[in-house]
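# starting from these lines, generate the structure:
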Amino acid sequence: MIIPPELLSFLKEEGKFFIATHVNPEGDAIGSSLALSMALESLGKVTVLYDKDSIPEFYYFLPGHEKFTHSIPSVVNHTWPLILLDCNTLERAGIEGLSFKYSAIIDHHEPAPRFAERGRGARPGTEKDFGNIRWIIPEAAATGMMVFYLIKELGINITREMAINLYSAIAIDTGTFRYGNTTAEAFRIAAELIDAGASPAYISNSLYETWSEERFSLLIMALNTLEIRDAVAITVVTREMYKETGAAPEDTESFPNFPGIMKDIKVSALFRELDDNYWKISLRSKGDINVARIATLFEGGGHKNAAGYKIKASLESAKEALLRAYYGHSHKPQQT
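Prediction:
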């Protein structure tokens, strides 16, 4: 993996960094940010880690998770350089409107499109080219893989704490090495991280076998809403369900995966209520169904087999909009 020389120079020359990642953070965003922060601080740099949203409790096993701040410290201003991880727009990180001395993007998502017109029928326009340095590798299985190479290229020894964070980042985005983006390269990196102190058993247990009763109760309620239309499985989580179970929105992170266990399901969609007639849709797919291309129709995005978007509509209208998009794309050749 070729790292831009200007990115290496930027990291070596600057003395402080504001590191931000996307809202609703998951394992790749959190683990990559923590590992990079630790690496830079080992060089004597000062880092501030930011996420607009809180870190989900089930990620508290990640070393250093408490370093994240959810409000921008007063010391951070336009004289600070920015590192944007696992996303490539300020909007995705919830920090639009802020200015920085210099900015670097490290991400493995397709660049976010800008829409020429809003609402129904909007079509992707010119890409947003934010960032003085843009290191975006959509072929990388996880941003954690990119950060792994970056740390090594900087000549920094990967500590046990960094290894746990990076292994977790890669594990999340490869479905613990089960998804189609799992490569021999991912396994080679994982092996190095294990040698550096990451325990697959500890990380797997922490990710999948430490659910709270509230989270499990919410999953049961969500699965009870299951609706199958053709090869699309739809589940719903409402705000009322949070009240009834005591669970939180971040507890739904893996919920879209469960309906996909059924052999005839090609796309699983979780509709999570944000406000009245306002929904966040998380999509998962199998094989050649490119849900990222479906999500871009609604100004969302993501990966080929995992993507998402938001829509303002009644629940039934939102479902119908998704199904129209699915039927329009599922029978066309899907680009990867």
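# how about the strands in the stretch 1-150 of the chain?
16-21, 46-50, 68-69, 82-85, 103-107, 113-115, 124-127, 133-136 (DSSP state E, counting those that start in this stretch).
# most neighbours per residue, which of those strands?
strand 82-85 (a mean of 27; mean count of other Cβ atoms under 10 Å). Placement of C-beta: from N, CA and C, glycine included.
# so what touches that one?
Contact with strand 82-85 is made by 17-21, 29, 32-33, 36, 90, 93, 100-107, 130-131, 143, 147, as judged by Cβ atoms under 8 Å, 6 or more residues apart in numbering.
# just checking: what are the partner strands of it?
Its sheet considered, strand 82-85 pairs with strand 16-21 (parallel), strand 103-107 (parallel) by DSSP bridges.
# okay, the ones you listed in TSV with mean pLDDT next?
Shown next, in TSV, are those (pLDDT from 0 to 100):
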stretch	mean pLDDT
strand 16-21	98
strand 103-107	97
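# and the strands of the stretch 1-150 of the chain as JSON lines, adding distance to V75?
Putting the strands of the stretch 1-150 of the chain into JSON lines (distance: least, Cβ to Cβ, whole Å) gives the following:
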{"stretch": "strand 16-21", "distance to V75": "9"}
{"stretch": "strand 46-50", "distance to V75": "8"}
{"stretch": "strand 68-69", "distance to V75": "11"}
{"stretch": "strand 82-85", "distance to V75": "14"}
{"stretch": "strand 103-107", "distance to V75": "18"}
{"stretch": "strand 113-115", "distance to V75": "32"}
{"stretch": "strand 124-127", "distance to V75": "33"}
{"stretch": "strand 133-136", "distance to V75": "23"}
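# to D288, which of those lies closest?
Smallest distance to D288 across the strands of the stretch 1-150 of the chain (Cβ to Cβ): 20.3 Å, for strand 124-127.
# which residues in the chain form helices?
5-13, 27-42, 90-93, 143-153, 160-173, 184-195, 200-208, 213-223, 239-245, 291-296, 315-329 (DSSP state H).
# okay, buried residues for the fourth one please.
So the one you mean is helix 143-153. For helix 143-153, a neighbour-count test (16 or more other Cβ atoms under 10 Å) marks 143-148, 150-151 as buried.
# of those residues, closest to E6?
L150 (12.8 Å).
# could you list the domains of this protein?
Domain ranges of the chain: 5-207, 213-329, per automatic domain parsing.
# least reliable of the ones you listed by average pLDDT, please.
Mean pLDDT is lowest for domain 5-207 out of the domains of the chain, coming in at a mean of 91.
# thanks again, I'm all set now.
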